[in-house]
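Trainee: Show me the folded form of this:
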Amino acid sequence: MIIRELQDEILRLKKENDIAVLAHSYQSPEILEIADITGDSFALSVAAQKLPQKSALMCGVRFMAESLKMLSPEKHVILSHAEATCPMAEQILPERVRTFKKEHPEYAVVAYINTTAALKAECDVCVTSSSAVKIVSALPERDILFIPDQNLGSYVQKSLPEKNILLWDGFCPVHNALTAEDCAAAKTAHPGAKLLLHPEAPAGALAYADLAGSTAEILKYALSTEEECIIGTEKSIADFLKIKTGQNRFHVLSKKLICPDMRLTTLPDVLACLKGEGGEVIDMDAGLIERARRPVDAMIRLGS
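Mentor: Numbering: from 1, shown residues only. Next comes the predicted model:
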């Protein structure tokens, strides 16, 4: 089938089978076009709670499907591709955090939302890239263990020098590959363009940013200005902006900004899932859901 035929069949089947399709912003444009909801990882999970469909297909990576199941345990949740994982989400073992908490009870443990459910279950509060500074600032503890992303944690530490933030060795392999040289070269190639960078990037690269923000904040800024923009996050965001606006003023910061896990899901994968022939059903026991949801509920309370 050609793309349009695949999309038409997907639209028919998701209605026929009462399945909502959720697509992370890093998915390809042809998948975003057939989704009921698009957005960043946490926004998708929250929005899914209001959907009437009994089943939900997450076009993204595993921790996103887990988050969806945690917040909507009554739904039948499917991950679009069984091998689509997030390296950063799995870099730190829950046992390591459990041991640390026993040895350092004075620390609050803050987990980036990009973590497994098992790791969330060991933490005090979760954060998104857009809410991290606000939530860490609101915590009564001065001592903070921030996991897994050392780059986002470093960004929070710079914003909150009054906090003592301990960082471990986690990072997003895609964003972490960016360098100050990449940023300088992009600004030279596109003089006057605004550099919009995700805080998962290293501090050396963030020093060049005109805006450091979440995927949603990058999209909001880029769509609200007529300026040229250098997009410092996954390449699909620049592609989406070009399609959305019909303008060619959005430039990819680096060809390194491609997430292989996000690119695993294809339209044929989505079609197979809707036929009950592909993907992976996400099952979580009630105890894990309860423990992992606790820091997420704290995030919603502190970040609102």
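Trainee: how near is residue 290 to residue 121?
Mentor: Distance of residue 290 to residue 121, given as C-beta to C-beta, to the nearest Å: 9 Å. In short, each C-beta sits where N, CA and C put it, glycine included.
Trainee: Looking only at neighbour counts, state which of those two leads.
Mentor: Taking other C-beta atoms under 10 Å, residue 290 and residue 121 do not tie; residue 121 has more neighbours (22 against 13).
Trainee: Now that one. Its backbone dihedrals?
Mentor: When read as degrees, to the nearest 10, the backbone of residue 121 gives phi -60, psi -20.
Trainee: and what of residue 198?
Mentor: Main-chain dihedrals, residue 198, degrees, to the nearest 10: phi -80, psi 140.
Trainee: Might one say that it is in contact with residue 219?
Mentor: No: the pair residue 198 / residue 219 is not scored as a contact, 11.3 Å apart, by C-beta atoms under 8 Å.
Trainee: Looking at the two, which one has more neighbours?
Mentor: Shown here are residue 198 and residue 219; by other C-beta under 10 Å, residue 198 has more neighbours (30 against 22).
Trainee: And the pLDDT for that one?
Mentor: As predicted, residue 198 sits at a pLDDT of 97.
Trainee: In contact with it, which residues?
Mentor: Listed by C-beta atoms under 8 Å, 6 or more residues apart in numbering, the contact partners of residue 198 are 129, 175, 212-215, 218, 232-233.
Trainee: Show me these that map onto strands.
Mentor: Among the contacts of residue 198, the members found in strands (DSSP state E) are 212, 232.
Trainee: quick one, strands of the stretch 101-250 of the chain?
Mentor: Shown for the stretch 101-250 of the chain, the strands assigned by DSSP state E, counting those that start in this stretch span residues 108-112, 125-127, 143-147, 164-167, 194-197, 211-212, 229-232, 250-252.
Trainee: Which strand residues bridge residue 57?
Mentor: Legend: beta-bridge partners of residue 57 under DSSP bridges are residue 21, residue 78.
Trainee: which stretches of the protein have low pLDDT?
Mentor: The chain contains residues with pLDDT under 70 at 1.
Trainee: need the contact list for the residue lying closest to residue 88 once chain neighbours are set aside.
Mentor: The spatially closest residue to residue 88, leaving aside those adjacent along the chain, is residue 172, at 4.7 Å (C-beta to C-beta, 6 or more residues apart in numbering). Residue 172 makes contact with 87-88, 114, 149, 151, 200 under the criterion C-beta under 8 Å, 6+ apart.
Trainee: Need the three-state assignment for residue 82.
Mentor: Here residue 82 is recorded as coil under DSSP: H, G, I helix; E, B strand; the rest coil.
Trainee: is the closest residue to it other than its chain neighbours in a bridge, and if so with what?
Mentor: Nearest residue to residue 82, sequence neighbours excluded (C-beta to C-beta, 6+ apart): residue 280, at 4.1 Å. Taking DSSP bridges as the rule, residue 280 bridges to residue 79.
Trainee: Relative to residue 117, how far out is residue 280?
Mentor: Distance check for residue 280 against residue 117: by C-beta to C-beta, it reads 14 Å.
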